[in-house]
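Model the following, please.
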Amino acid sequence: MNKPMTTKKGQQPGGRVGYRWLALILVLFCELMGHAWVRTESTQAILRISNAQAAVTKARSYGKALSVERDRLKSDNRITKIARTRLGLSADTFNQTIYLSGDDR
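Sure, this is the predicted structure:
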């Protein structure tokens, strides 16, 4: 009644074939997860680079704006106008330029 399980030459019992498929599916799953992780990290790196480039561009334009403002504030015409209106200096005192160093404080 009970026949012993015999296998033909070159065939393996059914349980071993299932383990091979499971191992193959596990390897494929790990490869897919690795691929997804690499793509995600690549996308994140590209996003970080883009944000950094935008920040650099913004900082450069702000630096240019500050440079223009500095030049406007340092202009001789502006300083002369302030000297006449706010400080009440007359025209004969404009030829007397006094430069103060930072050590005189």
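
so where's the protein shaky on pLDDT?
1-15, 91-96, 103-105 (pLDDT under 70).

ok, now with 90
Applying pLDDT under 90 to the chain flags the ranges 1-18, 76-77, 79-105.

Helices along that one, start to end?
Assigned by DSSP state H, the helices in the chain fall at 14-74, 76-85.

Helix 76-85 and the longest one, what's the angle between them?
Read that as helix 14-74. Here helix 14-74 points in a direction 50 degrees away from that of helix 76-85 (axes from the mean of the first three to the mean of the last three C-alpha atoms, to 10 degrees).

list the helices and strands helix 14-74 packs on?
Packed against helix 14-74, as judged by 3 or more C-beta pairs under 8 Å, 6 or more residues apart in numbering; DSSP states H and E, are no other helices or strands. Heads up, the C-betas are built off the backbone N, CA and C, glycines and all.

Would you check how far apart Tyr62 and Ala55 are?
The gap separating Tyr62 from Ala55 is 10 Å, by C-beta to C-beta, to the nearest Å.

between the helices of the chain, which gets nearest to Leu100?
Leu100 lies closest, by C-beta to C-beta, to one member of the helices of the chain: helix 76-85, at 14.1 Å.
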